[in-house]
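**Q** Quick one, fold the following:
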Amino acid sequence: MSNLKMVRRRRSGDVWQVMLMDGNERVAGLNLHIMKMRVGSVPVHMAGIGGVGTHEKHRKKGYASRVMWDAIEFMDKKDWEFSLLFGIPDFYHRFGYGVVFPDSELSVKTENLGSAGRPMRVRAMKQSDLPAVRRLYKALSDDRSGSAARPSSWDGFVRAAHYTRPGKTVVSTDARGRATGYASWNIDEHRKRFNVSEIVGHGPDAHASLSTAMARQAARLGHEEVRIFVPPDDPYGQFCSRFGCSWDVRYPRSGGAMGRIIQLDRLFQKLEPELQRRWAQGQAVFSGLLAMETDTGTVGIRLQGRKLTLTSRVTPRAARVKLSQLRLTQLIMGYRSIDDLALEKDVTTPIALLPVLDTIFPRKQGYMWWSDRF
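**A** Below is the predicted model:
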């Protein structure tokens, strides 16, 4: 095939296509979903990769790899700092993507969940509820890596990638009719499951009222179990423990939610205030220059007292941490601690720096709600 060429084009406002074409025939391609995603509490420009595929008759020729590398080059030229995908095992690591958060789901018997009570009114979400829903979501997600930083124009639950048809969103309200929580659910028709893709409640009354509403709908549809997609440390998961529940938490070696740093310097420039806040509030002691060397560049961090600043001047006397871009991605996303990463053969760090790095990059639970996945 001598007529192969790479094509990049905007499909819609926030979606780009990267395709390998043979004349007018698409032989391989992917989509880039552009959005803002949090790293810690900082929104960064993120390109989500979805729809990676090669036409059946052109498989096993390396075309998907060509498309992936071209997409990474394109993201770099567009100055998008980060990339995320939800992928198959044993493929995307070769492009520098590492697992950045687990997938988890909570299962509760419908009958048990229905005993939660209903101290608040629950009704279908209206357009006028959107500002309150956005505030509730922000309060829950404001410091969670991987969560979407939804813009003021966000207008509802539309993606939910594993659903086959639009679902329903309800809100709990107080005596003045103000939204105190919300839940969005749907039916996975392929697996015959009642799935809740997102639930947020301001306090136990909101959680109880939403639980009862979900259980009643699940019972009407003949589902004996409700499955709720939330991170393991979510407040609603703690609320559900009283009803008897089970967790399925998956930490894949490869595959699932995987991330990659695209623009190292730009990403750390945005993260600097967050890293400074962590260092100022921490207890670790270090004074001097820290150099984090990766296969895609070096980040210099100067620590003086409780002050942290980034620097482009890295001298030979700097304390050095050597790790791949993939490992650094896992570190900044909080998926793995530096104590854990230090056991890897491709990571080198002085023992004295472990508490310093643990302060700057603490282990934290990342997550992206299903409503935002691509």
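
**Q** Going by C-alpha atoms from here, please, whenever you check contacts or count neighbours.
**A** Noted.

**Q** Residue 302 is in contact with residue 314, isn't it?
**A** No - counting by CA atoms under 8 Å, no contact exists between residue 302 and residue 314, whose distance comes to 9.4 Å.

**Q** Spell out which residues are contacts of both of the two.
**A** Taking CA atoms under 8 Å, 6 or more residues apart in numbering as the criterion, residue 302 and residue 314 both touch residue 289.

**Q** Pull up the gap between residue 295 and residue 264, please.
**A** Computed with CA to CA, to the nearest Å, the distance linking residue 295 and residue 264 is 11 Å.

**Q** of those two, who's got more company?
**A** Of the pair residue 295 and residue 264, residue 264 is the one with more neighbours under other CA atoms under 10 Å, namely 20 against 11.

**Q** what's the pLDDT at the more buried one?
**A** According to the prediction, residue 264 has pLDDT 98.

**Q** begin at 56 from here
**A** Taking 56 as the first residue, the last one we looked at is residue 319.

**Q** Spit out the contact partners of it.
**A** Residue 319 makes contact with 136, 351, 352, 354 under the criterion CA under 8 Å, 6+ apart.

**Q** between these, which has the most around it?
**A** residue 136 (22 neighbours).

**Q** I'd guessed it sits against residue 323; true?
**A** No - distance between residue 136 and residue 323: 9.2 Å, which falls outside the contact criterion (CA under 8 Å).

**Q** And the pLDDT at the residue positioned nearest the centre of the chain?
**A** The centre of the chain sits closest to residue 201, judged by CA atoms, centre = their mean, with a distance of 2.6 Å. According to the per-residue confidence, residue 201 scores 98 in pLDDT.

**Q** Could you verify that it is part of a strand?
**A** No - if the criterion is DSSP: H, G, I helix; E, B strand; the rest coil, then residue 201 is coil and not within a strand.

**Q** what separates it from residue 315, distance-wise?
**A** Distance check for residue 201 against residue 315: by CA to CA, it reads 12 Å.

**Q** likewise residue 64?
**A** 22 Å.

**Q** what's the answer for residue 154, then?
**A** Residue 154 is 9 Å from residue 315, where distance means CA to CA.

**Q** List the contacts of residue 388.
**A** For residue 388, the set of contacting residues under the criterion of CA under 8 Å, 6+ apart consists of 94, 95, 155, 200, 201, 416, 419, 421.
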